[in-house]
Every structure is written in structure tokens, then in C-alpha cells.
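# A predicted structure for the sequence below; I have some questions about it.
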Amino acid sequence: MGRTNHPATGEMANVTVVIDRVSMSYKVRSNKSDRSKSTVLKRVLRRTDNRVAINALNELSLIVTHGESVGVIGRNGSGKSTLVRLISGQTQPTKGAVYASNTPIMLGVNAALIPELAGEQNIVLGCLAMGMPRSEIDRKMNSIVELSGLDSAIYLPMKSYSSGMSSRLRFAIAASIDPEILLIDEALNTGDAQFRDRSKERMDELREKAGTVFLVSHSLGTIREMCSRVVWLDKGDLLMDGDPEEVCSAYKAFTWHLTKGHHPYAERLRSEARAKLVATEVWDRLPGRRSA
């Protein structure tokens with residue numbers, strides 16, 4: 001369990017994303033105070049920096065290649081969305097570096113949509129924002145609408161959409177440009193079975209066209225169906241990286257013990273997964289590079 005699926009040396013030319021010893025921490029202000037201190041001292045302390053460091057992501061390294069669909073799972077607060085933001089370039093890591101072969105497209109981020117406009121108009125705006133020429137937008141309009149499953153609602157203002165409808169439209173827009181690297185955070189948890197089938201088919205197409213997909217989801221069924229590789233994060237630590245069935249089964253057992261209050265068993269599973277993880281030495285694996 002927990003063995004990483006790293007590409008062979010001959011496949012390194014197909015690398016799309018390299019995460020090299022990356023960690024991320026935030027400083028947040030704490031309101032905690034010592035009640036035993038005098039009123040005067042408290043006033044002095046309020047003028048000082050009482051921020052505390054929160055480790056959102058502890059040091060990890062990953063190498064991802066063309067054709068991989070990487071699922072990211074873990075409990076709330078495990079660092080999943082932080083990892084995606086680092087890959088997208090929205091956030092710079094506290095330590096380490098992230099390299100990408102092309103600009104990652106973040107679902108719902110690069111498509112700057114306007115709620116007052118109809119879905120059809122937002123498709124045009126979103127695709128233009130991602131660099132697609134108008135002639136190509138017109139050619140792809142029907143396929144985008146079909147993927148979204150919005151039918152006649154595509155002519156209604158987006159502000160009238162449910163959150164699920166908005167997420168489906170964003171996915172359809174983001175997936176329309178055949179991005180080399182597509183990042184999806186929770187969007188595929190919404191929608192009916194038909195939408196899930198269409199989105200899976202589209203993701204399969206992206207992988208066949210040598211694309212790379214990162215999918216964050218709490219739905220293990222979605223992860224199993226749509227991903228060729230899964231990473232499990234917990235409390236900012238990378239615990240497993242490997243086969244979807246193997247990683248999802250370990251995570252399911254971990255969360256089951258937590259739900260039942262079996263915390264020692266859950267902690268043992270966590271420790272075992274962490275201990276068996278094969279570390280990635282990025283610069284040893286890339287051609288012409290040496291470790292620092």
C-alpha cells in the first residue's frame with residue numbers, strides 16, 4: 001500500500017507538472033489571550049503581532065505526466081484545495097517550487113462569468129477569456145451546451161441557475177479548449193447521472209489527447225471512475241499516491257474507523273500509509289538534473 005506511481009525515466013519527456021519539495025503555511029491572527037494578564041499589559045499585547053502559523057501543506061513532491069488523471073482525496077482541511085491553487089499559480093508556495101509545461105486551467109477561475117448574462121453569453125465570455133477565437137467558440141457552442149446539460153436554460157440569466165447548474169456550465173467551458181492541464185475542484189459532485197457520464201467521457205477524451213487532469217472530490221465513486229491515479233492528503237501530509245482502488249479503499253477504511261470513534265485504529269492506518277509512501281526525488285529523476 002502507498003507506493004507511488006512515478007513515471008519511468010524514459011517517460012520524463014512527457015512530464016506536465018512537477019511539484020518540487022513544496023510546502024505552504026499561512027499566518028492568521030489569534031484572539032487567544034491570557035486572562036491572568038493585567039488590563040494594561042493586555043492593551044500593550046494587542047499592539048503586537050499575535051499571528052500564528054498554520055501549516056496547510058507539509059513538504060511534498062509529485063511528478064505528473066501526460067495522460068494522467070490525478071484524483072485528490074482527504075478530509076476537509078487536509079490541503080486539497082491548497083494543492084490545486086499552487087498548481088494553478090493562484091498561490092505561491094512558502095517553500096519549494098511548482099513547474100508546469102503549460103498554463104493550468106482552473107475550473108471556474110479562468111472563465112470570468114457574469115451572473116446577469118445568459119448562459120450562452122457567458123460561454124462566449126468564458127471562452128474568450130481563455131484565448132479561444134470567436135470562430136472556434138461558434139463551432140463548439142453546441143457541444144459546450146450539450147456537455148453542460150442545461151438545454152433551454154442556457155438562454156436564461158446565470159443568476160437564476162442553481163449551484164449545480166453553474167458548476168456544470170463552468171466545467172463545460174473549461175473543458176472546451178482541450179487544455180493540457182485541467183484542474184477541477186469539487187465541481188463534478190453535482191449533477192445527475194447523465195452529466196457524470198458526459199463529464200467522464202470528456203475527461204477520457206482529454207487524457208487521450210495527452211492532457212492532464214487534477215480532480216478534487218469527496219466522492220470516492222467519482223474518483224474511482226475518472227482517475228488513473230489518486231493522492232491522499234491528511235492534515236497537510238501526503239499519505240498515499242497510487243492506484244485509485246488501493247488508495248480509495250485505504251481512505252475509506254480510515255474514515256470508517258474515525259466515524260465509529262476508533263481513533264487509535266484510524267491513526268494506525270494513517271501511520272502505516274505514511275510509512276510505506278515512496279518519496280519522490282524530483283531532480284534525481286529529471287534529465288540533466290542533480291539534487292541540490
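That came through fine.
# residues near the nearest residue to residue 195 once chain neighbours are set aside, how many?
Spatial nearest neighbour of residue 195, chain neighbours left out: residue 149 (4.9 Å); criterion: C-beta to C-beta, 6 or more residues apart in numbering. Any C-beta I mention is one placed from the backbone N, CA and C, and that applies to glycine too. For residue 149, the count of nearby residues is 19 (other C-beta atoms under 10 Å).
# repeat that for the one 5 residues further on.
A count of nearby residues for residue 154, using other C-beta under 10 Å, gives 23.
# that's a helix at it, yeah?
Yes - assigned with DSSP: H, G, I helix; E, B strand; the rest coil, residue 154 falls within a helix.
# show me what contacts the residue lying closest to it once chain neighbours are set aside?
Among residues not flanking residue 154 along the chain, residue 119 sits closest, at 4.2 Å (C-beta to C-beta, 6+ apart). Contacts for residue 119 (C-beta atoms under 8 Å, 6 or more residues apart in numbering) come out as 145, 148, 150, 153, 154, 155, 156, 158, 161, 169.
# now pLDDT and distance to residue 84 too, for those residues, in TSV please.
Formatted as TSV, the contacts of residue 119 follow (pLDDT from 0 to 100; distance: C-beta to C-beta, whole Å):
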residue	pLDDT	distance to residue 84
145	96	27
148	91	22
150	93	25
153	96	28
154	97	28
155	97	32
156	97	30
158	94	23
161	94	23
169	89	20
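# would you format the residues you listed as JSON lines with distance to residue 238 included?
As requested, the contacts of residue 119 are exported to JSON lines (distance: C-beta to C-beta, whole Å):
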{"residue": "145", "distance to residue 238": "39"}
{"residue": "148", "distance to residue 238": "34"}
{"residue": "150", "distance to residue 238": "37"}
{"residue": "153", "distance to residue 238": "40"}
{"residue": "154", "distance to residue 238": "40"}
{"residue": "155", "distance to residue 238": "45"}
{"residue": "156", "distance to residue 238": "43"}
{"residue": "158", "distance to residue 238": "37"}
{"residue": "161", "distance to residue 238": "36"}
{"residue": "169", "distance to residue 238": "33"}
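# now the end-to-end length of stretch 257-264.
Distance across stretch 257-264, first residue to last, is 9 Å (C-alpha to C-alpha, to the nearest Å).
# for that stretch, buried residues please.
In terms of neighbour count (16 or more other C-beta atoms under 10 Å), stretch 257-264 has its buried residues at 257, 258.
# one more: stretch 69-87?
For stretch 69-87, by 16+ other C-beta under 10 Å, it's 69-75, 78-87.
# kindly report the same for stretch 139-157.
Buried residues in stretch 139-157, counting neighbours by 16+ other C-beta under 10 Å, are found at 140, 141, 144, 145, 147, 148, 149, 150, 153, 154.
# about what we covered before: how far away is the residue nearest to residue 154 from residue 134?
From residue 119 across to residue 134, the span is 17 Å (C-beta to C-beta, to the nearest Å).
# now do residue 92
For residue 92, the distance to residue 134 equals 34 Å [C-beta to C-beta].
# just checking, residue 26 is part of a strand?
Yes - read with three-state DSSP, residue 26 is one of the residues of a strand.
# could you look up the SS state of the closest residue to it other than its chain neighbours?
Computed as C-beta to C-beta, 6+ apart, the closest residue to residue 26 that is not its neighbour in sequence is residue 54, at 4.9 Å. What three-state DSSP gives for residue 54 is strand.
# so for residue 54, what's the pLDDT?
On pLDDT, residue 54 comes in at 84.
# now, the buried residues of stretch 69-87 that are in helices?
In this view, those that belong to helices under DSSP state H are 80, 81, 82, 83, 84, 85, 86, 87.
# quick one: the last one and residue 100 touch, right?
Yes - A contact is recorded between residue 87 and residue 100 when judged using C-beta atoms under 8 Å, the distance being 7.0 Å.
# joint contacts of those two?
Joint contacts of residue 87 and residue 100 (C-beta under 8 Å, 6+ apart) are 17, 181.
# all helices for the stretch 101-250 of the chain, in order.
Taking DSSP state H, counting those that start in this stretch, the helices of the stretch 101-250 of the chain run over residues 119-129, 134-148, 163-174, 193-208, 220-226, 244-259.
# out of these, which one sits most buried?
Mean neighbour count (mean count of other C-beta atoms under 10 Å) peaks for helix 163-174 among these, with a mean of 23.
# tilt between that one and helix 119-129?
Counting by axes from the mean of the first three to the mean of the last three C-alpha atoms, to 10 degrees, helix 163-174 lies at 40 degrees to helix 119-129.
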